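In: just the structure for this:
(4 chains)
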2 protein chains.
Amino acid sequence: MPKPQSHERAYHHGDLRRVIVKAALEILRETQSLEFSLRELARRAGVSHNAPYKHFADKHELLAAVSGAGFEMLTERMANEIANFRNPREQLFALLRAYIDHGVENPALYSLMFGGYLTGPNHGRPAIELAAAEKTKAMLAGVIIAGGVGRAIPHTSRNERKIAGAVLACWSLVHGLTLLLADGLVGPKKKSSALADTLVQGLLDGLATELPVLPPGTWVGPQVPTS
Amino acid sequence: MPKPQSHERAYHHGDLRRVIVKAALEILRETQSLEFSLRELARRAGVSHNAPYKHFADKHELLAAVSGAGFEMLTERMANEIANFRNPREQLFALLRAYIDHGVENPALYSLMFGGYLTGPNHGRPAIELAAAEKTKAMLAGVIIAGGVGRAIPHTSRNERKIAGAVLACWSLVHGLTLLLADGLVGPKKKSSALADTLVQGLLDGLATELPVLPPGTWVGPQVPTS
DNA sequence: TCGTAGAAGTTGTCAGTGTCTACATTGTTG
DNA sequence: CAACAATGTAGACACTGACAACTTCTACGA
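Out: Below is the predicted model:
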């Protein structure tokens, strides 16, 4: 086990991986731009330009780790918000708002998570990211099953498609709205919460009256890597 | 050095700007990756590595032009689809489907358009892009006004917010769905059309019964550059 | 007609980047 | 305590985006 108790680190850093990811999150927040260099990151971490390669195979892997950290922050935030309510409807509402806020408050990180930087030519999303994203989706599904869209939906195989449809609808709307807001393509950022609230409200109302039923054969889930 | 070889181009290309943008679109489609170099583009266009700088101030401006071309392709495609129908409801449906298809068929381009590559630290979206995006939105708004969500909404100042809400709802859902599909975060790409259809159907049904009303003071539109 | 200003394309250069290889330092373990 | 793997450092390389200076062509007014 590492023991970096001394404030003056020796040759071995002991916790460089986490430090680098944290530095990346900082840069992202400060500059709001994805155009930072691996070397700048190393500099900021007070380490030689090649040290990160001992923890990440290449830059993509590093960015994937940062993105994964973003997903974890997101799920944690949503979980915290959910804990404030008992009514599933309110929970779902709080969850979606947390999602939007997370994206709007840190657009660059959100872009990294969803902007397609990592879903390159052949290589699908890195596994580390997929796992984190899956947890996010599971949380959303949980609240919906508990009755987020108006009534509880028992998690039977018969309801599978119904649930998947509701999850997809919620996620799509909130996802798109967040992107548009973060982009500045619509509306002022300041008042986004009110805007988002009414929109989400509308969606949930619509969803409550008629749940879309997905056609058979469709399958909602992460794309499994073929290798 | 370079002599005028028959109908081969001479020193002056004549139409390099368009050729470069087209080459960029090709690369995007072939590699499905945003990581191409300006120099590779020049090579592909059969031109020296610095020629593009006579037409674009820097790489950002070039990418903005490519993104703008993407928006134009999108609006054109939507317009074509709309022309096949007279019923506003069907028109809206066709329009949204065209939007989704456009994104799913060329994820890299879609990422460039919406992934936040260009909305850097301070500089908002380039004007050329904003103009193109605005036309897209106008078309969507037009169909909605004509009755896309069930009944016509006269374009009075009283209905301004109602229209804006509907536009935002439609765009958000479709935008988010497209991103999720293109990302491969949900569902298989193959069957996406069926998936999208039912989802859009659900949204429209929900929207028809209850249009969300935006709170006063919110304003839906592109963020104006401070120039 | 011509000659010149400027647009369009070229070559050369520079700092900075991602990644590779070789080397140095460390903590761990037999 | 010595060998070893993990971790960090130093140097090198091809490539990138951008700048400056040069060349080639085209348009246009006297």
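In: hey, let's count contacts and neighbours off CA atoms from now on
Out: Fine.
In: where are the low-confidence patches of chain A?
Out: Along chain A, the model assigns pLDDT under 70 to residues A:1-13, A:120-124, A:187-192, A:206-227.
In: where along it do the helices fall?
Out: Along chain A, the segments classed as helices by DSSP state H run A:16-31, A:38-44, A:59-82, A:88-105, A:107-114, A:127-143, A:160-183, A:192-209.
In: can I get these in TSV with distance to B:D58 and mean neighbour count?
Out: Output for these, formatted as TSV (distance: least, C-alpha to C-alpha, whole Å; neighbours: other C-alpha atoms under 10 Å in any protein chain shown):
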stretch	distance to B:D58	mean neighbour count
helix A:16-31	19	18
helix A:38-44	22	17
helix A:59-82	24	20
helix A:88-105	28	22
helix A:107-114	21	24
helix A:127-143	32	18
helix A:160-183	21	24
helix A:192-209	33	20
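In: need those helices in a markdown table (columns: distance to B:T136).
Out: Formatted as a markdown table, the helices of chain A follow (distance: least, C-alpha to C-alpha, whole Å):
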| stretch | distance to B:T136 |
| --- | --- |
| helix A:16-31 | 30 |
| helix A:38-44 | 37 |
| helix A:59-82 | 30 |
| helix A:88-105 | 23 |
| helix A:107-114 | 22 |
| helix A:127-143 | 30 |
| helix A:160-183 | 14 |
| helix A:192-209 | 21 |
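In: of all the ones you listed, which lies closest to B:D183?
Out: Across these, B:D183 has its closest neighbour in helix A:107-114 (7.6 Å, C-alpha to C-alpha).
In: nearest to DNA strand D, of the helices of chain A?
Out: Closest to DNA strand D of the helices of chain A is helix A:16-31 (C-alpha to the nearest atom of the strand; 4.8 Å).
In: can you list the helices and strands that the closest one packs against?
Out: Helix A:16-31 sits against helix A:38-44, helix A:59-82, helix A:107-114, with contacts defined as 3 or more C-alpha pairs under 8 Å, 6 or more residues apart in numbering or on different chains; DSSP states H and E.
In: now check the longest one, is it near DNA strand C?
Out: Yes: counting by C-alpha under 7 Å from any atom of the strand, contacts between helix A:59-82 and DNA strand C involve A:K59, A:H60.
In: between helix A:16-31 and that helix, find me the angle.
Out: 80 degrees (axes from the mean of the first three to the mean of the last three C-alpha atoms, to 10 degrees).
In: show me what helix A:59-82 packs onto, helices and strands only.
Out: Using 3+ C-alpha pairs under 8 Å, 6+ apart: helix A:59-82 touches helix A:16-31, helix A:88-105, helix A:107-114, helix A:127-143.
In: tabulate the ones you listed (a markdown table), appending distance to B:Y110.
Out: Shown next, in a markdown table, are those (distance: least, C-alpha to C-alpha, whole Å):
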| stretch | distance to B:Y110 |
| --- | --- |
| helix A:16-31 | 22 |
| helix A:88-105 | 19 |
| helix A:107-114 | 12 |
| helix A:127-143 | 21 |
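In: isn't A:V200 right next to A:A94, touching?
Out: No: applying C-alpha atoms under 8 Å as the test, A:V200 and A:A94 come out as separate, 10.3 Å apart.
In: got the helices and strands packed on helix A:16-31 as JSON lines, with distance to B:A23 columns?
Out: As requested, the helices and strands packed on helix A:16-31 are exported to JSON lines (distance: least, C-alpha to C-alpha, whole Å):
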{"stretch": "helix A:38-44", "distance to B:A23": "29"}
{"stretch": "helix A:59-82", "distance to B:A23": "25"}
{"stretch": "helix A:107-114", "distance to B:A23": "25"}
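In: among those helices, which is nearest B:A57?
Out: helix A:107-114 (23.8 Å).
In: elements contacting that closest one?
Out: Secondary elements touching helix A:107-114 (3+ C-alpha pairs under 8 Å, 6+ apart): helix A:16-31, helix A:59-82.
In: now these as CSV including distance to B:L140?
Out: Output for the helices and strands packed on helix A:107-114, formatted as CSV (distance: least, C-alpha to C-alpha, whole Å):
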stretch, distance to B:L140
helix A:16-31, 34
helix A:59-82, 32
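In: so which of the helices and strands packed on helix A:16-31 is nearest B:G46?
Out: Closest to B:G46 of those is helix A:59-82 (C-alpha to C-alpha; 30.5 Å).
In: contact partners for the residue sitting nearest the centre point of chain A?
Out: Residue closest to the average C-alpha location in chain A (C-alpha atoms, centre = their mean): A:F71, at 3.6 Å. Listed by C-alpha atoms under 8 Å, 6 or more residues apart in numbering or on different chains, the contact partners of A:F71 are A:M113, A:E129, A:A132, A:A133, A:T136.
In: again, only using 6 Å
Out: For A:F71, the contact set (C-alpha atoms under 6 Å, 6 or more residues apart in numbering or on different chains) comprises A:A132.
In: name the nearest residue to A:E40, ignoring sequence neighbours.
Out: Closest residue to A:E40 apart from its sequence neighbours, by C-alpha to C-alpha, 6 or more residues apart in numbering or on different chains: A:H49 at 8.0 Å.
In: one more: A:R44?
Out: A:A23 (6.9 Å).
In: cool, and A:L112?
Out: A:L112 sits nearest to A:S67 (C-alpha to C-alpha, 6+ apart), 6.2 Å away.
In: rewinding a little: surely the residue nearest to A:E40 meets A:L38?
Out: No: applying C-alpha atoms under 6 Å, one finds A:H49 not in contact with A:L38, separated by 7.5 Å.
In: A:G148 and A:L168, how far apart?
Out: Distance of A:G148 to A:L168, computed by C-alpha to C-alpha, to the nearest Å: 14 Å.
In: need the helices and strands packed on helix A:16-31 in a markdown table (columns: distance to DNA strand D).
Out: Shown next, in a markdown table, are the helices and strands packed on helix A:16-31 (distance: least, C-alpha to the nearest atom of the strand, whole Å):
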| stretch | distance to DNA strand D |
| --- | --- |
| helix A:38-44 | 8 |
| helix A:59-82 | 14 |
| helix A:107-114 | 19 |
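In: out of these, which gets nearest to B:D101?
Out: B:D101 sits nearest to helix A:107-114 of all the helices and strands packed on helix A:16-31, at 18.4 Å, using C-alpha to C-alpha.
In: with only the CA atoms kept, save the closest one in CSV.
Out: Extracted C-alpha coordinates of helix A:107-114, given in CSV (Å, rounded to 0.1, in the frame of the first residue of the first chain):
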residue,chain,number,x,y,z
PRO,A,107,-21.0,21.8,-20.3
ALA,A,108,-17.5,20.8,-21.2
LEU,A,109,-17.7,17.7,-19.0
TYR,A,110,-21.1,16.9,-20.4
SER,A,111,-19.7,17.3,-23.9
LEU,A,112,-17.0,14.9,-23.1
MET,A,113,-19.5,12.4,-21.7
PHE,A,114,-21.9,12.5,-24.6
